[in-house]
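J.: pasting the sequence and the predicted coordinates here, then a few questions.
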Amino acid sequence: MIFAIILLVLLGLSMLVNFSQFAGSVMHVRSGGPVVSARYAGPRLEEAVLEDNSSANKIAVIDVNGIITGSPLNQQGYSMVDVIKAQLDRARDDRHVKAVILKVDSPGGEVLASDEISDALKNFQDGKKSNGEEQEASKAKPVIVSMGNLAASGGYYISAPCRYIVANKMTITGSIGVIMHGWNYRGLMDKVGITPEVYKSGKFKDMLSGSREPSEIPPEERAMVQSLINEVYGQFKQVVAEGRDAAHKKNQEDGHALAENWAEYADGRVLSGTDALKLGFVDQIGNFETAIDSAKKIAGISEANLIRYEERYDLSDFFHMFGESKAASQTVKVDLGFDTPKLQEGRLYFLSPVLSH
């Protein structure tokens, strides 16, 4: 009986919250607020005010923290890519949002996830939806990057297409390159007396298998893998070159063009914010406040409220927690003082080896 009463109370609270949010959105539209396009699927977002400056203008802040991945981040099954795309769509549809600040503190991550976010940012600045669907040019808005401790590899890949990049002098950035990780455990197998039995349909069907002797790996296989790495690496450099060139044409003397020899430094090395500025990888040395000032200047406004789009949860998410498997609830995590990237064999990554400093 007590449990039933508690559930009824929670259900009533959930209905009250949902009704108040609906009524608030209706009143906001009637008072001249933005009409946000309906999203029948995707993360549920609500607007939170970070700094109220009593202005009709808004600057939306979008965070990119940690490893960039396309894997689900929550029980609803939405990934970092899904959430960022949804946030950009909300910012695009709100006529009061004049610019977006992308706060990046990431060592990089998966190639595909980084590329999807990079494309979404480029589409947003062109006034398109995150999926590339054409929209009116009036919805085109600038994205200003504010780099934190780390904005390397994939963290820089998503920053490169943006209009303006601000880095702290101590920011670690750069690390332009691609890595594919794997283990060869044949020596260990031999020590414990395990011999692999492999039946395959073609010569290269067991590519990247760690159970083979290194001498058994044909030169053609190594060449094919390296060719794939080089292809993705070429795409990385193209994104950097095109993004920074487009930004410089708009920023002119307010920004920095890529140095003529920038490609010499795109060999996987990490750079400080100061070195990145000299090479034209970033436009200005500063902090988050510097990025805000740059956003207002580029957007042509004198003041703006800072907002953030946060995922909204309701009672259904609370009940979903009871559906977790026993195995998932018994996961043990060891705290090493930093988050280590979960690299999967056979996947390509834009990832810097620098995790913390």
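T.: Arrived safely, thanks for sending. Numbering: from 1, shown residues only.
J.: surely Gly210 is in contact with Tyr185?
T.: Yes - counting by C-beta atoms under 8 Å, Tyr185 is a contact partner of Gly210 at 5.0 Å. From N, CA and C alone the C-beta is placed, and that goes for glycine too.
J.: name the nearest residue to Glu242, ignoring sequence neighbours.
T.: Leaving aside its sequence neighbours, Glu242 sits nearest to Pro161 (C-beta to C-beta, 6 or more residues apart in numbering; 7.6 Å).
J.: same check, this time on Ile229
T.: Nearest-residue entry for Ile229: Val178, 5.2 Å, with adjacent residues in sequence omitted and distances by C-beta to C-beta, 6+ apart.
J.: and for Lys237?
T.: Ala266 (5.7 Å).
J.: check Leu271 too.
T.: Gly174 (3.7 Å).
J.: tell me the contacts of that neighbour?
T.: Ala152, Tyr156, Tyr265, Ala266, Arg269, Val270, Leu271, Asp275, Ala276, Phe281 (C-beta atoms under 8 Å, 6 or more residues apart in numbering).
J.: in this structure, what spans have low per-residue confidence?
T.: 13-41, 74-75, 131-132, 134-138, 313-347, 349-350, 353-357 (pLDDT under 70).
J.: the helices in it, which residues?
T.: With DSSP state H as the criterion, the chain has helices at 2-30, 80-93, 111-125, 154-157, 186-192, 219-251, 273-279, 288-299, 315-320, 326-329.
J.: most tightly packed of those helices?
T.: helix 154-157 (a mean of 31; mean count of other C-beta atoms under 10 Å).
J.: got a list of what Ala60 touches?
T.: Contacts of Ala60 (C-beta under 8 Å, 6+ apart): Gln87, Arg90, Ala91, Asp94, Val97, Ala99, Val100, Ile101, Ile307, Arg308, Tyr309.
J.: closest one of those residues to Leu112?
T.: If you rank the contacts of Ala60 by distance to Leu112 using C-beta to C-beta, Gln87 comes first, at 19.1 Å.
J.: so the closest one touches Ile62, yeah?
T.: Yes - counting by C-beta under 8 Å, Gln87 does reach Ile62; the two are 5.1 Å apart.
J.: rewinding a little: save the contacts of Gly174 as CSV, and put in distance to Gln252 too.
T.: Shown next, in CSV, are those (distance: C-beta to C-beta, whole Å):
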residue, distance to Gln252
Ala152, 27
Tyr156, 22
Tyr265, 24
Ala266, 24
Arg269, 29
Val270, 29
Leu271, 24
Asp275, 23
Ala276, 19
Phe281, 18
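J.: just the buried subset of those, written out for ChimeraX, thanks.
T.: ChimeraX command restricting the contacts of Gly174 to the buried ones, with burial defined by 16 or more other C-beta atoms under 10 Å:
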select :152,156,265,266,270,271,275,276,281
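J.: re the thing from before, these two touch, right, the residue nearest to Ile229 and Lys237?
T.: No - with contacts counted by C-beta under 8 Å, Val178 stays clear of Lys237, the gap being 10.4 Å.
J.: wait, what's in contact with Cys259?
T.: That one is not Cys; residue 259 is Ala. Lys278, Leu279, Gly280.
J.: could you redo the last one with a cut-off of 7 Å?
T.: Leu279, Gly280 (C-beta atoms under 7 Å, 6 or more residues apart in numbering).
J.: for it, give me phi and psi.
T.: Per-residue torsions, Ala259: phi -70, psi 150 (degrees, to the nearest 10).
J.: repeat that for Pro196.
T.: Main-chain dihedrals, Pro196, degrees, to the nearest 10: phi -70, psi 140.
J.: which ones are touching it?
T.: Here Pro196 is in contact with Met189, Ser211 (criterion: C-beta under 7 Å, 6+ apart).
J.: how about the residue nearest to Arg163 when sequence neighbours are not counted, phi and psi?
T.: The shortest distance from Arg163 to any non-neighbouring residue, by C-beta to C-beta, 6+ apart, is to Pro142 (4.0 Å). Phi and psi for Pro142, reported as degrees, to the nearest 10, are phi -80, psi 150.
J.: what's the spacing between Pro142 and Ala247?
T.: Pro142 sits 9 Å away from Ala247, going by C-beta to C-beta, to the nearest Å.
J.: common neighbours of these two, please.
T.: Counting by C-beta under 7 Å, 6+ apart, the residues touching both Pro142 and Ala247 are Arg163, Tyr164.
J.: how many neighbours does Val97 have?
T.: Val97 is flanked by 23 other residues according to other C-beta atoms under 10 Å.
J.: my read: it touches Ala91, true?
T.: Yes - counting by C-beta atoms under 7 Å, Ala91 is a contact partner of Val97 at 4.6 Å.
J.: joint contacts of those two?
T.: Overlap of the contact sets of Val97 and Ala91 (by C-beta under 7 Å, 6+ apart) consists of Ala60, Lys141.
J.: show me what contacts the nearest residue to Pro72 once chain neighbours are set aside?
T.: Spatial nearest neighbour of Pro72, chain neighbours left out: Ser79 (5.6 Å); criterion: C-beta to C-beta, 6+ apart. Ser79 makes contacts with Thr69, Gly70, Ser71, Pro72, Leu73, as judged by C-beta under 7 Å, 6+ apart.
J.: quick check, nearest of those residues to Ala223?
T.: Using C-beta to C-beta, the contacts of Ser79 come closest to Ala223 at Gly70, 28.3 Å.
J.: who are the neighbours in contact with the closest one?
T.: Neighbour list for Gly70: Ser79, Val81, Glu110, Leu112, Ala113 [criterion: C-beta under 7 Å, 6+ apart].
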